[in-house]
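A.B. asks: below is the structure, and that's it, no one-letter string:
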C-alpha cells in the first residue's frame, strides 16, 4: 500500500475493518479457505478481516511487512514506518504512523504475533 498523502508521527493511517469472531469460528472459516487477516483481541476472539479484505473494504490490510524487502531508492533494507495498534477494549485495530511518511511512500509495519495472514 502506498500513501496518497503525507503522514506525520502519531497520525492514524487506516483502521482494519472486519467481523468480530471467536478464534474457533475463525479456524473453521480458515479450513474452508476464508482464513487470514485475523487480528487477535484475546486468546478467544479477534477481528476477522477476510471478507472486508476480499471486498476491497479493509484498506489497512494492504500494508506490507518490511521483512525481506529492499528499498531500491535508499538502497537499503525496508523499515517499518507505522505500527499496529490493537485496542482490545474498544475492539479496534489500526495503523499508526511512527515515522514521517511522504506522499507515494510505501506503508510498512511489522506483522507481530497477533496478525495471522494467509498461507500462499
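C.D. replies: Everything's here; your move. Just so it is clear, the model here is predicted, and its values are computed rather than measured.
A.B. asks: let me see the ranges of the helices in the chain.
C.D. replies: 23-31, 50-54 (DSSP state H).
A.B. asks: pick the most buried one from those helices.
C.D. replies: Scoring the helices of the chain by mean neighbour count under mean count of other Cβ atoms under 10 Å gives helix 50-54 as the most buried, with a mean of 18. Glycine gets a C-beta too; all of them are placed from N, C-alpha and C.
A.B. asks: residue 67 contacts residue 110, doesn't it?
C.D. replies: Yes. Judged on Cβ atoms under 8 Å, residue 67 makes contact with residue 110 at a distance of 7.4 Å.
A.B. asks: average model confidence for stretch 57-75?
C.D. replies: The average pLDDT within stretch 57-75 is 81.
A.B. asks: what distance separates that stretch from the centre of its chain?
C.D. replies: 11 Å (Cα atoms, centre = their mean, to the nearest Å).
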